[in-house]
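> take a look and give me a structure for this.
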Amino acid sequence: MSSVRPFTVADAPAVAAVQVCTCRLDHAPHVPPGFWDGVTVEAQTGDWRPWPAQYPDDLLLVAEDAGEIAGYVLARCGPSHGTDAEVMALPVRPASRGQGHGRALLRAAVEGVQAAGARSVGLATLEGNPVRAWYGVRGGREVATREDDVDGWPGREVVWPDPGALLAALA
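Modelled structure (predicted):
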C-alpha cells in the first residue's frame, strides 16, 4: 500500500535514485544514445536537497512502500499547457510499478494544486512514451505536440480541464 507524504531533505538521495533510474530506463528510447550517461545520483541529490527552499510553492511528494521511496511527484501551480497547474514529474521506480503508487501520487498532486486554486491541470510526456495510455484511460486529453523547453525533445501535452473528473478516475 502506498503512503504519500511531503518530501524532506533526507529523501533527496532516494528521489535522485528514482529519477536517474527511470530517466535511463523510460526516456532512453526517446533521446540520443548516451544522453543520460553523465547524469548521476550524486549530482541529482545535490539538486534535490535545496529544492524545498528554492521552490517553496512547489508540491513535492514521495510515495513510500515498506520504508523505501517508490516514486515521487512534482507539481506547480501557474499557467502551463493552457492550464492552471502542471505535473512536472511523476516517476515510479520499476520494481514498484503496478502497485498504485503512481495513482496515489497523481491523486495527491491534483488535490494539492486544486486546494491551491487550480481549476485545470496538465503535464507533458515524451512522444512515444507508453505512459500516455495510462493518462488517457484516466480522462487525459492529448493536445498539441510541443518541443520541451528544457531538453528540446518532442513532448505530447496531456490536459485535464476538470481535475475533479481526474480525481474520480483515480478513486
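
> ranges for the strands of the protein?
3-6, 59-65, 68-80, 83-89, 121-126, 141-147, 154-160 (DSSP state E).

> which one of those strands lies nearest to Ala108?
For Ala108, the closest of these is strand 3-6, at 4.5 Å, according to Cβ to Cβ. In short, each C-beta sits where N, CA and C put it, glycine included.

> mean confidence for that closest one?
Taken as a whole, strand 3-6 has an average pLDDT of 96.

> looking at the strands of the chain, spot the one closest to Thr22.
Among the strands of the chain, strand 68-80 sits nearest to Thr22 (Cβ to Cβ), with 8.2 Å.

> report all helices and strands that that closest one contacts.
helix 12-22, strand 59-65, strand 83-89, helix 101-115 (3 or more Cβ pairs under 8 Å, 6 or more residues apart in numbering; DSSP states H and E).

> for that strand, which residues meet the burial criterion?
Residues of strand 68-80 classed as buried: Ile69, Ala70, Gly71, Tyr72, Val73, Leu74, Ala75, Arg76, Cys77, Ser80 (neighbour count, 16 or more other Cβ atoms under 10 Å).
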